[in-house]
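Undergrad: Have a look at this prediction, sequence included:
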Amino acid sequence: MQHCAISQGEFARFQRFIFDMAGITMSDSKMALVSGRLAKRLQHLGLPTYDAYFRLLTDGAHKDEVQLAVDLLTTNETYFFRESRHFDLLREAAQAARPGLRTDAPFRVWSAACSSGEEPYSIAMVLADVLKAEPWEVTASDISTRVLQRARTGHYPMERTAHVPQDYLRRYCLKGIREQQGTLLVNRALRERVQFRQVNLNTALPGDLGTYDVVFLRNVMIYFNGETKRQVVTRVLGRMKPGAHLFIGHSESLQELGDMVCPVIPSVYRKPA
């Protein structure tokens, strides 16, 4: 079935949909992206218009399809050891915390928008290296069940690993051979140290999430308006230990939330102790 082009009115409905579901403010320049990503769902479901698809999403009877639409509309672009300075600071924070770590008080890091998993596995490599047998935990969350599924496999194209230190590649990764050539698998021992779970930062956070020494909240807030941003940061700060570090993307700033966090260097903040 040939579907028609998305109209301005239909696009506006999907802008509202993704804002209500995920707090994401989608600019008008994303019209082609929305049209392209949802076209395959219209085709699969045999729907003639984007409006018909929107009605299906909002009739309350298609929860799985709603999740699928959210997955398709949340953009995911990442690679290992993105922004190396953040990982240097993570290393320093883990070393400083080392003397006080106990089984009931491990060093905890949360990758709060982990996408396809490169960020939490990068975090786990640093902690495995620095803390060795000392207790540590990594929680990785995302709104998209689709990317979480991919992240759990720990299987990536080689080009995503250009920034991984050679030593870490040898210790924590397996290089694909034969039909897996050109790919890499994070080894099982490291994969088992990362707990993946679905979390929507735009709603109340799960009660069992616990508190963290470091939170990575990178390249998420560019999609939020001022009020949503404040709400999300407030929720996240509520899950940070006093003195904990918060890493955000380099194109982001928390300047307007200066009353809640202390700047350390650009893109790095600390929760007041």
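TA: Done, it's in. Residues are numbered from 1 along each chain as shown.

Undergrad: residues of stretch 44-57 that come out buried?
TA: Neighbour-count burial for stretch 44-57, with 16 or more other Cβ atoms under 10 Å as criterion, is recorded at Leu47, Tyr50, Tyr53, Phe54, Leu56, Leu57. Bear in mind the C-beta positions are built from the backbone N, C-alpha and C, glycine included.

Undergrad: What's the end-to-end length of it?
TA: 14 Å (Cα to Cα, to the nearest Å).

Undergrad: Contact partners for Arg171?
TA: Met125, Asp129 (Cβ atoms under 8 Å, 6 or more residues apart in numbering).

Undergrad: still on that earlier bit, relative to Asn219, which of the buried residues of stretch 44-57 is nearest.
TA: Nearest to Asn219 out of the buried residues of stretch 44-57 is Leu57 (Cβ to Cβ; 26.0 Å).

Undergrad: Please enumerate the strands of this protein.
TA: Listed in chain order, the strands of the chain (DSSP state E) span 107-111, 136-142, 155-157, 173-175, 183-186, 194-198, 212-217, 240-248, 262-265, 268-270.

Undergrad: Just checking, which helix or strand of the protein averages the lowest pLDDT?
TA: Sorting the helices and strands of the chain by mean pLDDT, DSSP states H and E puts helix 63-73 at the bottom, at a mean of 86.

Undergrad: Just the buried residues of it, please?
TA: Glu65, Val66, Gln67, Leu68, Ala69, Val70, Asp71, Leu72, Leu73.

Undergrad: Tell me what angle it forms with strand 136-142.
TA: Angle of helix 63-73 versus strand 136-142, following axes from the mean of the first three to the mean of the last three Cα atoms, to 10 degrees, is 100 degrees.

Undergrad: neighbouring contacts of helix 63-73?
TA: Contacts of helix 63-73 (Cβ under 8 Å, 6+ apart): 14, 17-18, 21-22, 24, 26, 34, 37-38, 41, 45, 56-57, 143-147.

Undergrad: Quick check on those: which are buried?
TA: Buried among the contacts of helix 63-73 (16+ other Cβ under 10 Å): 14, 17-18, 21-22, 24, 26, 34, 37-38, 41, 56-57, 143-144, 146-147.

Undergrad: From those, which land in helices?
TA: 14, 17-18, 21-22, 34, 37-38, 41, 56-57, 146-147 (DSSP state H).

Undergrad: Tell me which two of the residues you listed sit farthest apart.
TA: Spatially, the most separated pair among those is Leu56 and Val147, at 23.0 Å (Cβ to Cβ).

Undergrad: Without its sequence neighbours, what residue ends up closest to the residue nearest the centre of the chain?
TA: Residue closest to the mean C-alpha point of the chain, counted by Cα atoms, centre = their mean, is Ala113 at 1.6 Å. Closest residue to Ala113 apart from its sequence neighbours, by Cβ to Cβ, 6 or more residues apart in numbering: Val220 at 4.3 Å.

Undergrad: tally of neighbours for that neighbour?
TA: Neighbour count for Val220, taken as other Cβ atoms under 10 Å: 24.

Undergrad: next one: Leu127
TA: For Leu127, the count of nearby residues is 24 (other Cβ under 10 Å).
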